[in-house]
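> below are the sequence and a predicted model; questions follow.
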Amino acid sequence: MCDVAAALMAAQGVAGFVQGTMAANAQEDFQRDVQKMGASMAQRNAFDAYVALGDRQLQEHEAAARSIDEVALAAAKAQGLTRVAAGEAGVRGGSLDALLGDFKRQELSAQGLTIRNRAYLDSQFAREREGVRSQYQAQLLAGVPAPVERPSVLGTLLNIGAGVGGHLYGAYFNKAEGKLDLQASPFAQGKVF
């Protein structure tokens, strides 16, 4: 009877180990699937953010180009009107040249400001792209699962040994004498293994 009980304890320990290993494998598979899905979503979010930044930057470049063209057109119109008015009034020489030069200076100043602002925006877009990249990497790192706890072979063997040993000790302890009767154990009689 004790041999059967010891065998059942050992079988129960082995079954627990196998079940624990299978559960750990299933947990790892699940975590891997969740991590892949999270990485895919993070990649898609980063791609969408990059596209949106590119679209905004393109719109800003187009707006800057329009602004430069409008300033050039306004300056040319002002210079033309000034020449016509000066010609009708009979104004020539240095004062006309100074007035036309002032128009050109204002045109170039406005264009330079627009170009500088565009350069600042380009720098801002570069920083935003870096932020998107950092956020993508952080999302990937956040999706790394914690290690799955697996059953220990040594722990399983120690539990089996302790259970069987405790059972055998309880079965063969001579209560009347207060000591272990080793002669009555299946080990002493050669019935185990």
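Received the coordinates, thanks. Residues are numbered from 1 along each chain as shown.

> which outside residues touch stretch 120-130?
In this structure, residues lying in contact with stretch 120-130 by Cβ atoms under 8 Å, 6 or more residues apart in numbering are 50, 53, 56, 57, 60. Yep, even glycine has a C-beta here, placed from its N, CA and C like the rest.

> the same query, at a cut-off of 6 Å, please.
For stretch 120-130, the surrounding residues in contact (Cβ atoms under 6 Å, 6 or more residues apart in numbering) are 53, 57, 60.

> centroid-nearest residue for this protein?
In the chain, the C-alpha nearest the mean C-alpha coordinate belongs to residue 139, at 1.8 Å (Cα atoms, centre = their mean).

> quickly find the element holding residue 21.
helix 2-89 (DSSP states H and E).

> distance between that helix and the chain's centre?
Offset of helix 2-89 from its chain centre (Cα atoms, centre = their mean, to the nearest Å): 10 Å.

> so which bits of stretch 81-89 are buried?
Across stretch 81-89, burial judged by 16 or more other Cβ atoms under 10 Å covers 82, 86.

> only alpha carbons, please: show that stretch as CSV.
Backbone C-alpha positions of stretch 81-89 (Å, rounded to 0.1, in the frame of the first residue of the first chain) are rendered in CSV as follows:
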residue,chain,number,x,y,z
LEU,A,81,3.8,101.9,-60.3
THR,A,82,6.6,104.1,-58.8
ARG,A,83,8.4,104.2,-62.2
VAL,A,84,5.3,105.2,-64.0
ALA,A,85,4.4,107.8,-61.4
ALA,A,86,8.0,109.2,-61.4
GLY,A,87,8.0,109.3,-65.2
GLU,A,88,4.7,111.2,-65.3
ALA,A,89,6.0,113.6,-62.6
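
> can you start the count at 3 instead of 1 from here on
Noted, 3 is the first residue going forward, which turns the last one into stretch 83-91.

> identify the residues contacting it?
Outside stretch 83-91, the residues touching it (Cβ under 6 Å, 6+ apart) are 98, 101.

> ditto for stretch 58-69
116, 120, 123, 127.

> and that stretch, average pLDDT?
Computed over stretch 58-69, the mean pLDDT rounds to 95.

> roughly how far apart are residue 14 and residue 153?
Distance, residue 14 to residue 153, using Cβ to Cβ, to the nearest Å: 13 Å.

> list the buried ones in stretch 16-30?
Neighbour counts using 16+ other Cβ under 10 Å place 19, 22 of stretch 16-30 among the buried residues.

> I meant to write stretch 41-53 there.
So for stretch 41-53, counting by 16+ other Cβ under 10 Å, buried means 44, 48, 51.

> could you verify my assumption that the last one touches residue 133?
No. Taking Cβ atoms under 6 Å as the definition, residue 51 is not a contact partner of residue 133, at 8.7 Å.
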